[in-house]
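Visitor: Provide a 3D model corresponding to the input given below.
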Amino acid sequence: MAENENAEAPAPEAASAEGEATPAPQQQAEVAPEEITYHAVEKDGQVTALWEMQGRKHLRTIDPRSRQGLEILRLYTAEHGE
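Guide: Predicted structure coming up:
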């Protein structure tokens, strides 16, 4: 019976660990919903960089001549037209 008592003791700890782990992803989910946006940096009428932003946080800079940069610009011009 001593083995059964020891086997039962870790089970509540595991349950409490799971209970603690469950709220953490929910907290992350509350922080993550900020929409990712792209901002064009222009100089003399030319786009020199694209900034990927999440809220007010700058995530990265994308070269507008890169494949991804061209794709973002293409989507923007298709949505907004000239």
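
Visitor: Remind me what the longest helix along the chain packs against, helices and strands.
Guide: For the chain, the helix that runs over the most residues, judged by DSSP state H, is helix 67-80. Contact here means 3 or more C-beta pairs under 8 Å, 6 or more residues apart in numbering; DSSP states H and E; on that basis helix 67-80 packs against strand 36-43, strand 46-54, strand 57-62. Where you see a C-beta, it was placed from the backbone N, CA and C, and this is true even at glycine.

Visitor: what does the domain assignment say about this structure?
Guide: Split into domains by automatic domain parsing, the chain comes to 1-33, 34-82.

Visitor: Could you give the bridge partners of residue 50?
Guide: Going by DSSP bridges, residue 50 is paired in beta bridges with residue 40, residue 62.

Visitor: Can you pull out the residues in contact with the longest helix of the chain?
Guide: Applying C-beta atoms under 8 Å, 6 or more residues apart in numbering, the external contacts of helix 67-80 come out as 38, 40, 47, 50, 62-64.

Visitor: who wins for most neighbours among the residues you listed?
Guide: Counting by other C-beta atoms under 10 Å, residue 50 has the largest number of neighbours within these, with 22 neighbours.

Visitor: wait, doesn't it sit right on residue 60?
Guide: No: the pair residue 50 and residue 60 fails to qualify as a contact (C-beta atoms under 8 Å) at a distance of 9.2 Å.

Visitor: just to revisit the earlier point, pull out the buried positions in the longest helix of the chain.
Guide: If you call a residue buried by 16 or more other C-beta atoms under 10 Å, then helix 67-80 has these buried ones: 69, 72-73.

Visitor: Show the average pLDDT along that helix.
Guide: Helix 67-80 shows a mean pLDDT of 89.

Visitor: Tell me the buried residues in stretch 47-63?
Guide: For stretch 47-63, burial by neighbour count (16+ other C-beta under 10 Å) applies to 50, 52-53, 62.
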